[in-house]
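>>> sequence first, then the predicted structure, then my questions.
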Amino acid sequence: EAQLVESGGGLVQAGGSLRLSCAASGFTFDDYAIGWFRQAPGKEREGVSCISSSDGNTYYADSVKGRFTISSDNAKNTVYLQMNSLRPEDTAVYYCAADPSSPPVLSECPADLYDYWGQGTQVTVSS
């Protein structure tokens, strides 16, 4: 059974950092793109960043470019999202998801292509 488990969320002051982890199991990790999405109350889900596990290519939304870094440790079947210079508008529930498309479609991390989703982790940035 495919499973994605996020961790690393929490409460941080503006300007601070957090690192989210997404541990995957139950599917061939190298064949998937892994994406991070977020959803704030009253707002639509947003594709934040995604990475191809096979070649390491990445995509970042303009809202996080230069502040967030996505990386993949294929030996651990884990994808990380390093979030620096956090802002109150980054407050949301962050989800990771897996997309089996071949080749992966990274542009804007199209959520409709993602088959497996984690349960989410809350990130709250105080001003």
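Alright, I've got the coordinates. Residues are numbered from 1 along each chain as shown.
>>> got any ranges where this structure has weak pLDDT?
For the chain, no stretch has pLDDT under 70.
>>> repeat the analysis, applying 90 as the threshold.
Along the chain, the parts satisfying pLDDT under 90 run over 1, 27-31, 53-55, 100-108.
>>> what about the strands in it?
Ranges of strands in the chain, per DSSP state E, are 3-7, 10-13, 18-25, 33-39, 46-52, 58-60, 68-73, 78-83, 92-99, 116-117, 121-126.
>>> quick check: angle from the fourth one to strand 18-25?
Just to be clear, that refers to strand 33-39. 130 degrees (axes from the mean of the first three to the mean of the last three CA atoms, to 10 degrees).
>>> what packs against strand 33-39?
With contacts taken as 3 or more CB pairs under 8 Å, 6 or more residues apart in numbering; DSSP states H and E, strand 33-39 sits against strand 18-25, strand 46-52, strand 78-83, strand 92-99. (Glycine included, C-beta is placed from N, CA and C.)
>>> now with 10 Å, please.
If contacts are counted by 3 or more CB pairs under 10 Å, 6 or more residues apart in numbering; DSSP states H and E, strand 33-39 sits against strand 18-25, strand 46-52, strand 58-60, strand 68-73, strand 78-83, strand 92-99, strand 116-117.
>>> what's the residue closest to the geometric middle of the protein?
Most central in the chain under CA atoms, centre = their mean is Trp36, positioned 1.9 Å from the mean C-alpha point.
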